[in-house]
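**Q** the following block contains a protein sequence and its predicted model.
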Amino acid sequence: MTDYYEVLGVAKDATSEEIKRAYRKLARTYHPDIAGEEGADRFKEVSAANDVLSDPEKRRVYDAGGMGGGMGGGDGAGFGFQDIFETFFGAAGAGSARGPVPRARRGQDALVRIELDLAEEAFGVRREITVETAVTCGTCQGSCAAPGTSPRACTVCGGRGSVQRVARSFLGNVMTQARCDACQGFGSTIPEPCPECSGEGRVRTRRTIAVDVPAGVENGTRIKLVGQGEVGPGGGPAGDLYVEIRERQHPVFTRRGDDLHCTMALPMTAAALGTVLTLETLDGEEEVDVVAGTQGDHVITLRGKGMGRLRGHNRGDLHIHLDVTVPTHLDERQEELLRELAAIRGEERPQGKLAPVGVGMFSRLRDKLAGR
């Protein structure tokens, strides 16, 4: 059995990309257009090795020792069920009646992630990002050929991208059509590949792209930039670029949809007498009125001070949850004043009132957070 790995000069654990590069190098060396008839046999051997090792299923069978050296050679000895199937339903990747496979193909999509502060998400921001991606080769302009040269019609398939062969089967002699190994189905060869991109028609580089992030985005939101992804092989159209948002945690505010929530500690005396608090919001300082007799489960809402809405012109709200604190470590004078107040209000020995579980401050706070 022919050692196809030795034919291509690659290791048995070579990747598909390594096999592809080795085949291209040998094909350019022994192609009949370059080496003439002297390289025809060697080119046929290299093509047969590539036909097997570039196909995952054929390679698996070959590695298991179940494929002879005749497979892919085109003499009919290795004809099997797959060839019969392709005879009636068409060979995958072959040019067939549709003609050769286009050398230019669409590029892959790309994904980058950027971190934003809560304020940037609330109001929107313009950010510049640097991406490493494939762009059209500036030397060959995507033609894949060296300057001053151009691709040539394949002499093996006559530019069709596919070749026909007669194979023997239990049905008799049948005509099959398969991809041309000489040109890989493109219908043309590149005798002198571009030295800048090695015949790929594209090169990798870094470039800076401006991204307009709309107001209201949140963690995980993806912004699609059409045509800003990788340029395809052969100067093909570019894919799309997706920018994914990662939200930095804010030290004060917690986001729930379009609304913001925070907690503010309030002394017991301020809650009883009422006061004015100054709060730093996303819009700057805001004064918040606390009415006399405010309870510990009270929530103050500032309309329109929350997050921008992704699909709308309004904004969410800012909810301030008041946490009334009870003083500790009282000095003698403070304790005396509180005892005097308790006596005036008749609260020296208050009678506790029982209530069912779920009724009271914590349940009311839970209901407010749930929007009930």
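**A** Arrived safely. Numbering: from 1, shown residues only.

**Q** quick one, strands of the stretch 201-350 of the chain?
**A** Applying DSSP state E, counting those that start in this stretch to the stretch 201-350 of the chain gives strands spanning 202-213, 222-225, 241-247, 254-256, 259-267, 275-281, 284-290, 299-302, 318-325.

**Q** average model confidence for the longest one?
**A** The predicted model assigns strand 202-213 a mean pLDDT of 94.

**Q** show me what that strand is packed against.
**A** strand 125-136, strand 222-225, strand 241-247 (3 or more C-beta pairs under 8 Å, 6 or more residues apart in numbering; DSSP states H and E). The way it works is simple: take the backbone N, C-alpha and C, and place the C-beta from them, glycine included.

**Q** about what we covered before: and residue 4, which of the strands of the stretch 201-350 of the chain is closest to it?
**A** Across the strands of the stretch 201-350 of the chain, residue 4 has its closest neighbour in strand 202-213 (29.2 Å, C-beta to C-beta).

**Q** give me the element residue 50 is part of.
**A** Assigned by DSSP states H and E, residue 50 falls within helix 40-53.

**Q** I misspoke; the intended subject was residue 112.
**A** strand 110-116.

**Q** so in that sheet, which strands flank that strand, and in what orientation?
**A** strand 241-247 (parallel) (DSSP bridges).

**Q** now the strand it pairs with against strand 202-213, angle please.
**A** If you take axes from the mean of the first three to the mean of the last three C-alpha atoms, to 10 degrees, strand 241-247 sits at 50 degrees to strand 202-213.

**Q** other residues contacting strand 241-247?
**A** With C-beta atoms under 8 Å, 6 or more residues apart in numbering as the test, strand 241-247 has contacts from 109-116, 118, 121, 129, 131, 133, 209, 211, 213, 217-225, 228-229, 255.

**Q** which ChimeraX command selects the buried ones in those?
**A** Restricted to buried positions by 16 or more other C-beta atoms under 10 Å, the ChimeraX selection for the contacts of strand 241-247 reads:
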select :110,112,114,116,118,121,131,133,211,213,217,221,225,228,229,255
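
**Q** quick one: low-confidence parts of the chain?
**A** Counting by pLDDT under 70, the chain has low-confidence residues at 1, 32-33, 35-37, 65-98, 167-174, 351-372.

**Q** ignoring the adjacent residues along the chain, who's closest to the most centrally placed residue in the chain?
**A** The centroid of the chain falls nearest to residue 111 when counting by C-alpha atoms, centre = their mean (3.8 Å). Nearest non-adjacent residue to residue 111, counting by C-beta to C-beta, 6 or more residues apart in numbering: residue 242, 4.8 Å away.
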